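Student: I would like the atomic coordinates for the input below:
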Amino acid sequence: MVIRLSQLRLSFFLILTFAFAIEVLDAGGEGSVRQEACPRACNYRCSKTHHRKPCLFFCNKCCHKCLCVPSGTYGNKEECPCYNNWKTKEGRPKCP
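Tutor: Now for the predicted structure:
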């Protein structure tokens, strides 16, 4: 019984380590942000705009759909194709 318990602990540790490694390697691309991390990522993305409230609204909406927020406070949208290609009815970018 002791051997099985230690094997279970080791397996659990390896699974967590592997999951963390995948998350780190995938940073910056589409699907790299978890939904619960969207508000923090969007706070930074919108930190330098004068239109903070709409920026946060649309950034969070885009983040929840695409699970990605481009790095920096402006530009770099090529890092997130879903975020970059989502357009309004008028054809303008939906995501800040």
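Student: where does pLDDT dip in the chain?
Tutor: 1-29 (pLDDT under 70).
Student: for it, what spans make up the helices?
Tutor: Applying DSSP state H to the chain gives helices spanning 2-25, 38-45, 52-66, 81-85.
Student: who are the packing partners of the second one?
Tutor: Contacting helix 38-45 under the criterion 3 or more CB pairs under 8 Å, 6 or more residues apart in numbering; DSSP states H and E are the following elements: helix 52-66. Where C-beta positions appear, they are placed from N, C-alpha and C, glycine not excepted.
Student: and the helix it packs on, what does it pack against?
Tutor: Helix 52-66 packs on helix 38-45, helix 81-85, going by 3+ CB pairs under 8 Å, 6+ apart.
Student: how about the CA coordinates for that helix, as CSV?
Tutor: Extracted in CSV, the C-alpha atoms of helix 52-66 (Å, rounded to 0.1, in the frame of the first residue of the first chain):
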residue,chain,number,x,y,z
ARG,A,52,-10.1,52.8,-20.3
LYS,A,53,-13.7,51.6,-19.7
PRO,A,54,-14.5,50.6,-23.4
CYS,A,55,-10.9,49.3,-23.8
LEU,A,56,-11.4,47.0,-20.8
PHE,A,57,-14.8,45.9,-21.9
PHE,A,58,-13.8,44.9,-25.4
CYS,A,59,-10.4,43.5,-24.3
ASN,A,60,-12.1,41.2,-21.8
LYS,A,61,-14.7,40.1,-24.4
CYS,A,62,-11.9,39.3,-26.9
CYS,A,63,-9.8,37.6,-24.3
HIS,A,64,-12.6,35.3,-23.2
LYS,A,65,-13.3,34.4,-26.9
CYS,A,66,-9.7,34.0,-28.1
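Student: next, the angle helix 38-45 makes with it.
Tutor: Orientation check (axes from the mean of the first three to the mean of the last three CA atoms, to 10 degrees): helix 52-66 against helix 38-45 gives 130 degrees.
Student: buried residues in helix 52-66?
Tutor: Of the residues in helix 52-66, those with enough neighbours to count as buried (16 or more other CB atoms under 10 Å) are 55-56, 58-60, 62-63, 66.
Student: relative to residue 91, how far out is residue 51?
Tutor: 20 Å (CB to CB, to the nearest Å).
Student: noted, bye for now.
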